[in-house]
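[1] After the sequence you'll find the predicted model.
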Amino acid sequence: MSALEFSRPVALDSLGGAARQFAFEADEAERAALARRFGLLALDALSVEAQLAREGREVRATGRVRARSTQGCVATGAPVPAEVDAPFDLVFQPLVEGRPDEEIELGEAELDIVFYEGGAIDLGEAAAQTLALALDPYPRAADADEALRAAGVRSEEEAGPFGALASLKDRLGGPDRAS
């Protein structure tokens with residue numbers, strides 16, 4: 001396995017037929033590294049609770065990722081605090097043998113499949129990816145609209161086709177104007 005920021009490898013041979021519980025938290029260095037990786041201003045807490053059940057070479061992982069983070073507002077850069085409480089239901093499967101550049105087509109039912117190589121899965125990396133998917137891709141501070149307006153940026157309504165028509169109507173004298 002490569003050196004990942006939040007690696008928690010679980011050896012397949014340590015998993016029997018019965019489900020096993022796992023709980024772990026990221027330490028300060030891991031949180032700082034993940035914050036850099038995901039472009040966060042801060043990652044103050046990250047914890048994982050999971051249950052793993054193995055069937056042959058396939059492992060099913062269910063659980064929750066909880067985190068407290070601070071993202072930068074996409075409009076102003078101001079800090080935007082966020083809490084994540086994301087459930088996950090993943091299936092780890094061995095990587096299909098084939099050419100490395102070969103494209104694999106996945107159906108909708110296969111979107112929560114994580115491929116692994118060797119004799120272990122990485123529950124920490126799966127949790128980190130779950131966190132990344134749960135973060136708001138466009139965080140906005142409460143005062144973002146005011147800051148944008150003050151900078152001269154028009155809203156979608158003002159800039160769109162209906163905003164242009166409203167502006168034209170105002171310039172032509174409004175609805176009372178006779179043709």
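    It's in.

[2] Sticking with the residue nearest the centre of the chain, tell me its helix or strand.
    Central residue of the chain (Cα atoms, centre = their mean): residue 133, 1.8 Å from the mean position. Using DSSP states H and E, residue 133 falls within helix 123-134.

[3] List the buried residues of that helix.
    For helix 123-134, a neighbour-count test (16 or more other Cβ atoms under 10 Å) marks 123, 124, 125, 126, 127, 128, 129, 130, 131, 132, 134 as buried. Bear in mind the C-beta positions are built from the backbone N, C-alpha and C, glycine included.

[4] before we move on, back to that, dump the residue contacts of the residue nearest to the centre of the chain.
    residue 86 (Cβ atoms under 8 Å, 6 or more residues apart in numbering).

[5] Model confidence for it, exactly?
    If you check residue 133, the pLDDT there is 95.

[6] if I look at it, how far off is residue 86?
    Going from residue 133 to residue 86 by Cβ to Cβ, to the nearest Å gives 8 Å.

[7] residue ranges for the strands of this protein, please.
    Ranges of strands in the chain, per DSSP state E, are 9-11, 20-25, 42-55, 58-72, 79-94, 113-116, 120-122.

[8] what angle do the third one and strand 20-25 make?
    Relative orientation of strand 42-55 with respect to strand 20-25: 170 degrees, computed using axes from the mean of the first three to the mean of the last three Cα atoms, to 10 degrees.

[9] circling back: any chance of the buried residues of helix 123-134 in CSV, plus distance to residue 49?
    Converted to CSV, the buried residues of helix 123-134 look like this (distance: Cβ to Cβ, whole Å):
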residue, distance to residue 49
123, 11
124, 13
125, 16
126, 13
127, 10
128, 15
129, 16
130, 12
131, 13
132, 18
134, 15
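
[10] Let me know the closest of these to residue 80.
    Checking the buried residues of helix 123-134 against residue 80 with Cβ to Cβ, the nearest one is residue 134 at 14.5 Å.

[11] ok, for the closest one, nearest residue in space, not its chain neighbours?
    Closest residue in space to residue 134, ignoring its immediate chain neighbours: residue 86 at 3.9 Å, by Cβ to Cβ, 6 or more residues apart in numbering.

[12] OK, contacts around the one you found?
    Counting by Cβ under 8 Å, 6+ apart, residue 86 touches 64, 65, 66, 130, 131, 133, 134.

[13] swap in residue 44?
    Residue 44 neighbours (Cβ under 8 Å, 6+ apart): 31, 68, 69, 70.

[14] The first one against residue 43, yeah?
    The one in question is residue 31. Yes. Counting by Cβ atoms under 8 Å, residue 31 touches residue 43, with 4.2 Å between them.
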